[in-house]
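Chemist: predicted model and sequence below, questions to follow.
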Amino acid sequence: MPRLSDTMEEGAISTWRKQPGDTVAVGDVLVEIETDKAVMEYEAYQAGTLAQILVPEGRNADIGTPIALLDDGTGGPAPSASPASAQRPSPEREQPTPFGSTGSSAPAAASPAATATANGSGANGSGRQLASPLVRKLARENHLDLSHVTGSGPGGRIIRADISDLLAAGTPAAGPAEATPAATQPAPPAAPAAPGPAAPPADDARGTRDVPVSQVRRLIARRLSASAREIPHFYVTAAADAQALTDLRASLNAQLTEAGRAKVSVNDLLIRACALALREHKDVNVSYGGDASSVMHVHDRVNIGVAVAAESGLIVPVIRDADTKTVTQLGTEARHLVALAAERKLTPDQTSGGTFTISNLGMYGVEHFTAIINPPESAILAVGATTREPAVVGDSVAPRYRLRYTLSVDHRVIDGALAAKFLQTLTSLIEHPWMIIA
């Protein structure tokens, strides 16, 4: 079992893409592994024949536990694999190789810098293109040629944004795929359906069921329990007159629609406002390693995590350098990350490195709530709904949009006065929204 994320302690086998007896080539997707962040493809880093599956689908395994045996054809005895040999496999190995028998970081074939395209064309020294698992999947499904695509991800890796134009244009691969003999053979007759299980008695129809807890849900339970137990939370709530913000958004979206561009949401504007407030109050944009640490980390980069309620559980993809991006750029990136979270295709790089988190439940009609800090960050903003309320305007009462939000801070490194100043700046930006897009 490889380590596929920085917080991963164990993984669950989601789907075996190869079965015992299947031939395995270097770069073939061997198995899909459910980590604490997403479901990720794990590529074979040695060639051979899959001899035995040690961990079946649906089962968990700790990092470093062998999950399968690969036979290289020599038939020798099976010595234990060291971390070094697992990361840098030798072609002279004389035994079925235990896949993932390393407690260190993921082996070369599972790292983002060693992933391949669907056609295996080369951009690195080994002649293999660097691409994310999602890009390879889309390339296979849409018959895309990635050999001329320049990657903008880490180490030149091709990411989803790099192939948007290809997907929109429907560009095919360099040559049409040839029909295989298997494709021309008639499908075998369907086997008769096996009889289903008998219906439970009426008395048991509304009983208690045991539902397996996913890796994501288990990680949420562990991390948030530790956060609530170990971090002294301090809460500061503020409310803003959001009438000007909603008016600006309506005007901006009308112009964006006329130009054929995507609209922006209130959350996009709030991400930008928080980024600007964090840039002004750097002491809120900090991380603390715990009571044993003698330092706290003050971050110059503003990387904002956006809490997403995915089907598998709460996921927090990260928008990096949010203070340097426009509202429309933030909206585009946020929608892309939310879509990946829904498909469980986020990479470790897209879910790590956050310095501040926003959790917005306003779309569910929630007016006010408090959020638990996402360690190692030291603050999280809980945003409620924008509601129309009677408000005093001059000497009269008029209906105005109001917005409430609560900042949860780690009181060990952020004092109440600092939290209040941050909210004061945020409130000023919301009530004067032209400063958000200026």
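Modeler: Okay, I see it.
Chemist: low-confidence stretches in the stretch 201-350 of the chain?
Modeler: Applying pLDDT under 70 to the stretch 201-350 of the chain flags residues 201-205.
Chemist: show me where the stretch 151-300 of the chain has helices.
Modeler: Along the stretch 151-300 of the chain, counting by DSSP state H, counting those that start in this stretch, helices occupy 164-169, 181-184, 215-230, 243-258, 266-280.
Chemist: which of the ones you listed sits closest to T15?
Modeler: helix 215-230 (14.1 Å; C-beta to C-beta). Any C-beta I mention is one placed from the backbone N, CA and C, and that applies to glycine too.
Chemist: ok, residues contacting the closest one?
Modeler: Residues from elsewhere that reach helix 215-230 (C-beta atoms under 8 Å, 6 or more residues apart in numbering): 7, 10-12, 34-37, 60, 213, 290, 310, 312-315, 372-375.
Chemist: try it again at 7 Å.
Modeler: T7, G11, A12, E34, T35, D36, S312, G313, L314, I372, I373, P375 (C-beta atoms under 7 Å, 6 or more residues apart in numbering).
Chemist: neighbour-wise, which of those leads?
Modeler: G11 (29 neighbours; other C-beta atoms under 10 Å).
Chemist: quick check: which element contains that one?
Modeler: Here G11, judged by DSSP states H and E, is contained in strand 10-16.
Chemist: picking that back up, make TSV out of the contacts of helix 215-230 and add secondary structure and distance to V236.
Modeler: As requested, those are exported to TSV (DSSP: H, G, I helix; E, B strand; the rest coil; distance: C-beta to C-beta, whole Å):
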residue	secondary structure	distance to V236
T7	coil	28
G11	strand	39
A12	strand	39
E34	strand	37
T35	coil	34
D36	coil	30
S312	coil	31
G313	strand	27
L314	strand	23
I372	coil	15
I373	coil	13
P375	coil	19
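Chemist: closest to T23 out of the residues you listed?
Modeler: G11 (24.5 Å).
Chemist: in the sheet, who's paired with the closest one?
Modeler: Taking DSSP bridges as the rule, G11 bridges to A61.
Chemist: for R218, see how far away it is.
Modeler: Noted for G11: a distance of 11 Å to R218, by C-beta to C-beta, to the nearest Å.
Chemist: bridging residues for the closest residue to A342 other than its chain neighbours?
Modeler: In space, and not counting its chain neighbours, A342 is closest to A310: 5.7 Å by C-beta to C-beta, 6 or more residues apart in numbering. With DSSP bridges as the criterion, A310 is bridged to G313.
Chemist: also E34?
Modeler: In beta-bridge terms (that is, DSSP bridges), E34 pairs with A12, V39.
Chemist: let me know whether it touches E10 as I believe.
Modeler: No. Applying C-beta atoms under 7 Å, one finds E34 not in contact with E10, separated by 10.0 Å.
Chemist: in space, what's closest to E280 - neighbours in sequence excluded?
Modeler: T425 (5.6 Å).
Chemist: neighbours around the one you found, how many?
Modeler: 19.
Chemist: measure the residue of the chain most remote from its centre to A244 for me?
Modeler: For the chain, the largest distance from the centre (C-alpha atoms, centre = their mean) belongs to D395, which lies 49.6 Å off. From D395 across to A244, the span is 20 Å (C-beta to C-beta).
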